[in-house]
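Novice: Give me coordinates for this.
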Amino acid sequence: MVSMEKILFLIRHIEGNLKKDIDMQFRENDLTFSQTQVLSLIFRNGGSISQKKLQEDLQVSHPTVVGLVQRLEKSGFISCRKDEKDQRNKVISLTKRAEDFHKQMIQHFEDNDKKMQKDFSDEELYELERLLNKLNDNISID
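Specialist: The predicted structure is shown next:
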């Protein structure tokens, strides 16, 4: 019988390997896995996002988002301004540097996808997704 402990260990191990790979790949740009997640979310939101929405989507604490945003702003990937509708909130926008970097980031993610999907049939990938969704639903706290 397979234990959930072993399955969860494998999931954490896979996540750790992905983080290490991204950290190594984007080290020359002084970016970490977490920072690339922020940039990806901003790209998916049309190039700008509120800091509050970013925090919700990443499911991290306010201080964590503040640190990520400050480092990305300092390195020239994003710019911040006060939200006109709510002065307590910031709107985060991508800079030209981030837009230029986007192609490199997308290419790396596509290469990673190919590497991870190697030796899987479409049916196996659908089943893997279904099972992971089921596991997630079982442990989700609403």
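Novice: quick one, what contacts the spatially most central residue of the chain?
Specialist: Closest residue to the average C-alpha location of the chain: Q37 at 2.5 Å, with CA atoms, centre = their mean. Contact partners of Q37, counting by CB atoms under 8 Å, 6 or more residues apart in numbering, are L58. Heads up, the C-betas are built off the backbone N, CA and C, glycines and all.
Novice: likewise the one 5 residues further on?
Specialist: By CB under 8 Å, 6+ apart, the residues touching I42 are S48, I49, L54, I78, I92, S93, L94, A98.
Novice: Go ahead and confirm the fourth one touches K96.
Specialist: This means I78. No. Under the criterion of CB atoms under 8 Å, I78 lies out of contact with K96, with a separation of 11.1 Å.
Novice: Which one's more surrounded, the two?
Specialist: Each of I78 and K96 had its neighbours counted (other CB atoms under 10 Å), and the higher figure belongs to I78 (24 against 9).
Novice: Need the per-residue pLDDT for the residue lying closest to the more buried one once chain neighbours are set aside.
Specialist: Here the nearest residue to I78 in space, its sequence neighbours aside, is L72; by CB to CB, 6 or more residues apart in numbering that works out to 4.6 Å. Per-residue confidence (pLDDT) for L72: 96.
Novice: what's the neighbour count on the closest residue to L94 other than its chain neighbours?
Specialist: On the basis of CB to CB, 6+ apart, the spatially nearest residue to L94 that is not a chain neighbour turns out to be G47, at 5.0 Å. Around G47 sit 13 other residues, with neighbours defined as other CB under 10 Å.
Novice: returning to that earlier point: mind listing what's buried along the helix or strand hosting the residue nearest to the centre of the chain?
Specialist: Secondary structure here is read from DSSP states H and E; on that basis Q37 sits in helix 33-44. Within helix 33-44, the residues scored as buried using 16 or more other CB atoms under 10 Å are F33, S34, Q35, T36, Q37, V38, L39, I42, F43.
Novice: Ok, stretch 87-100 next?
Specialist: In stretch 87-100, the ones that count as buried by 16+ other CB under 10 Å are K90, V91, I92, L94, T95, A98.
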